[in-house]
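**Q** coords below, sequence missing:
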């Protein structure tokens, strides 16, 4: 059984060979191991594509191994030792020497996200309570150039409330267990049992040390570039979220007003968030809301205030989580190198079936329906369409795995989410009216069921994984997600810059409408029309699915072996049910019957031509004919392959066999090349030794000649006379130096004489200068007084003229000041008049907005009446027969259009691939050209 490494290697190989973006989708039930697989994928990519150069082993592993595109990869929590892949050991930390700073930050992003976004559930001790899509960008050289993380639907309600035997997010327990005494004092931390938001207190998890995990989280945040100031602001908000649930409100007797007898907890929250405790308490207990044109103070009941505090706590944690994701993305987003392609890893919350399923479970299961539909479309529809497009004989098989009816039930017009959004517009709407409208609209839908036990669940949906019962309690509140506008305004003007930052540009649903109706939901926002949670999530999911469809998807099927969280134990019925629901069995069936491996003609010839040497003649030959000759030379059975229009298709395992034969051939070539290299090195070493031997012989010959020469009498005489010759030369040199010294002394005497002459001339010039200065002083004393008087008279005249000019300028400026003051007064009056006009226009705009809202409600009511009339009209048999005929015609036309659209999309995708290949080839040729010159 293959494992998750094949999906990684396959994705890397085809990203560089086909220049096509890849995606790896980890899917399965909750607790099946999707998050762990995601971490293994990221570790593997950081290992084989790190920015720092490494040995060629890892890159060769990612380059020369080809895996099937449509094989699903099944991961268990247990593997026999004989089935583990021969891949790098990635269980422990990656050595620091083989990865760069970017890769380290990419690896450390997961611990941070797990601490703030994962929690213990009944099925999983480390369950992801949000979805994430990690986009890892690669440059043209194959190195990681940057990364980006997108998150989806954080289960923020878990921050304030958890089911039995479940925990809130890990960071709360990590902070309470791992903080030092000083940190506990700074963040005002208390015992876990004292926090109402921790429903079960400090629930221990076997195998998890919260204090050690806290230190690991801090280390990861340091690697991500966060500093101590960031830690302080983050943990202050985490502590404040817990304290929001500790405020004890009471109801006044004979009054609707709630009170806060003890504001100790409120003081702690205000200190942590940089707020005024008086203003915060007033905003919770007596918020100012707008009724018509005026602002009034509205009394809040105990239930309303508690709901408001919980909503603010959830929103604070959600905005903190968003800031963390953006902060991580800023560290991972490297713009120095432009990414040529990317691999996206999707880790969504698994399919969930609990005893009580709410709005969050519907969104999670809806996402899994869309992902399963993508798998079915890729695995069964596109695969068979490619067979037909390539002209391969194939009988189309309908596996009956179309999930579109369930998806339409949820997201189409008049579906569950559309009806939920519609109910949020009605002032008197409740969860009960929503369920009644839902049952009335979809009672005959094949995937919708009305449950028998209304006390437990309100309705049920038949998903691909089974029937799921849903309770609609608080669905309207969760979809609208209202907040106290007064508290939000305080948070936006907090003294803590970090709190202001995470709350800036907040689009909120206020509770102003409570003054007019009994509902607690508003319908207006500060900026434009408000979009519900379901609308925002549908937009995010639509963008995600569009991204996945533009990539080559690789599915990692995660299977949970048992529900007891025990390793080495497998429940056959449970595993088989998951394989059947996930379409794995049908995938194996189509892989056995079809041709799951395929390769273009050019790539097949280029890769496997060495297996058939001298078969293809020199010169041009059509790719299809060349491949047919190669297949003939390989003597493959015709049942094992099919030749299409642009590709060769193989049965499962055939291409792997060819790859193995190619490896053997390459091994032989490399061995022969190594033998040649060793022979060349040996010959070169022999020549070097031969030269050394000749040199030794020459030295020996010279030494022997010297031994014979040293006893020769004439040689001895030469040795004794040679030092005497050196003494004679020294006397000649000494005589020469004495002559040079005499010449230098003569030149020095001449220079001294010239210096003495210059000194005498300087003294004469100084004396003349002194005489001239004395004469000048005498002449100046007689004329100085007259010159001073003349200068004083001229200065007085100039000052009088300047004074006259300044007086005239002052007079002009005083006149201009009076004119400007008059203009300023006129502008002030005009400003007041315009402000009054603006106020009147704003009041008119508010009235128009209210009228528009009323018209919107009337339009919705009219639409519902029209629908009922149309349903009554549709009961007639004649109209029904006409509609059936028209439906058949439209279905035939829709099928034709869908087929044409699919063909056009496939052509566009094919052209995009060709364009990317050509651009990559041009870039490589330009690089080679630059290297040549």
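**A** Nice, thanks for sending it over. For clarity, every value in this text was computed on a predicted model and none was experimentally measured.

**Q** residues near residue 910, how many?
**A** Residue 910 is flanked by 12 other residues according to other Cβ atoms under 10 Å. C-beta coordinates here come from the backbone N, C-alpha and C atoms, glycine included.

**Q** Ok, the one 3 residues further on next?
**A** The local packing count at residue 913 equals 14, with neighbours defined by other Cβ under 10 Å.

**Q** Also residue 436?
**A** Neighbours of residue 436 (other Cβ under 10 Å): 12.

**Q** Identify each buried residue in the one helix or strand it maps to, please.
**A** Element membership of residue 436, judged by DSSP states H and E, is helix 431-442. Going by neighbour count (16 or more other Cβ atoms under 10 Å), the buried part of helix 431-442 is 431, 434-435, 437-438, 441-442.

**Q** Check stretch 260-280 too.
**A** For stretch 260-280, by 16+ other Cβ under 10 Å, it's 260, 263, 265-266, 268-270, 272-275, 280.

**Q** wouldn't residue 586 be in contact with residue 380 here?
**A** Yes. If you go by Cβ atoms under 8 Å, residue 586 and residue 380 touch, sitting 6.9 Å apart.

**Q** Could you point out the helix or strand that follows the longest helix seen in the chain?
**A** When the chain is parsed with DSSP state H, its longest helix is helix 713-873. Following helix 713-873 in sequence order, the next helix or strand is helix 877-932 (DSSP H and E).

**Q** Check which helices and strands that next one is in contact with.
**A** helix 383-389 (3 or more Cβ pairs under 8 Å, 6 or more residues apart in numbering; DSSP states H and E).

**Q** again, only using 7 Å
**A** Contacts defined by 3 or more Cβ pairs under 7 Å, 6 or more residues apart in numbering; DSSP states H and E place helix 877-932 against no helix or strand at all.

**Q** how close does the closest residue to residue 167 other than its chain neighbours get to residue 165?
**A** Leaving aside its sequence neighbours, residue 167 sits nearest to residue 120 (Cβ to Cβ, 6 or more residues apart in numbering; 4.1 Å). Distance of residue 120 to residue 165, given as Cβ to Cβ, to the nearest Å: 8 Å.

**Q** same question, residue 738
**A** Relative to residue 165, residue 738 is positioned 112 Å away (Cβ to Cβ).

**Q** And for residue 503?
**A** Residue 503 is 34 Å from residue 165, by Cβ to Cβ.

**Q** Those two: who's more crowded?
**A** Higher neighbour count among residue 503 and residue 165: residue 503, with 21 against 11, using other Cβ under 10 Å.

**Q** Got the phi and psi for the residue nearest to the more buried one when sequence neighbours are not counted?
**A** Of all residues not flanking residue 503 in the chain, residue 491 sits nearest, at 4.5 Å (Cβ to Cβ, 6+ apart). Dihedral angles of residue 491 (phi, psi; degrees, to the nearest 10) stand at phi -60, psi -40.

**Q** same deal with residue 144?
**A** Here is the backbone geometry of residue 144 (degrees, to the nearest 10): phi -70, psi 130.

**Q** Which pLDDT value goes with it?
**A** pLDDT, the model's per-residue confidence, is 85 for residue 144.

**Q** With the one 4 residues further on instead?
**A** Note on residue 148: pLDDT of 91.

**Q** thinking again about what came up before, mind putting the buried residues of stretch 260-280 into a markdown table with distance to residue 147?
**A** Converted to a markdown table, those look like this (distance: Cβ to Cβ, whole Å):
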| residue | distance to residue 147 |
| --- | --- |
| 260 | 46 |
| 263 | 46 |
| 265 | 41 |
| 266 | 41 |
| 268 | 38 |
| 269 | 36 |
| 270 | 38 |
| 272 | 33 |
| 273 | 32 |
| 274 | 33 |
| 275 | 36 |
| 280 | 39 |
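
**Q** wait, residue 406 sits on residue 448?
**A** No. Using Cβ atoms under 7 Å, residue 406 is not in contact with residue 448, being 9.2 Å away.

**Q** ok, and the closest non-adjacent residue to residue 409?
**A** Leaving out its chain neighbours, the residue that sits closest to residue 409 by Cβ to Cβ, 6+ apart is residue 447, at 5.2 Å.

**Q** burial count for residue 725?
**A** 8.

**Q** Just give the strands next to the helix or strand that the helix holding residue 436 is followed by in its sheet, each with its orientation.
**A** On the C-terminal side of helix 431-442, the closest following helix or strand by DSSP H and E is strand 448-449. Paired neighbours of strand 448-449 in the sheet (DSSP bridges): strand 459-463 (antiparallel).

**Q** when you compare where the partner strand runs with where helix 431-442 runs, what's the angle?
**A** Counting by axes from the mean of the first three to the mean of the last three Cα atoms, to 10 degrees, strand 459-463 lies at 50 degrees to helix 431-442.

**Q** Alright, calling it a day.
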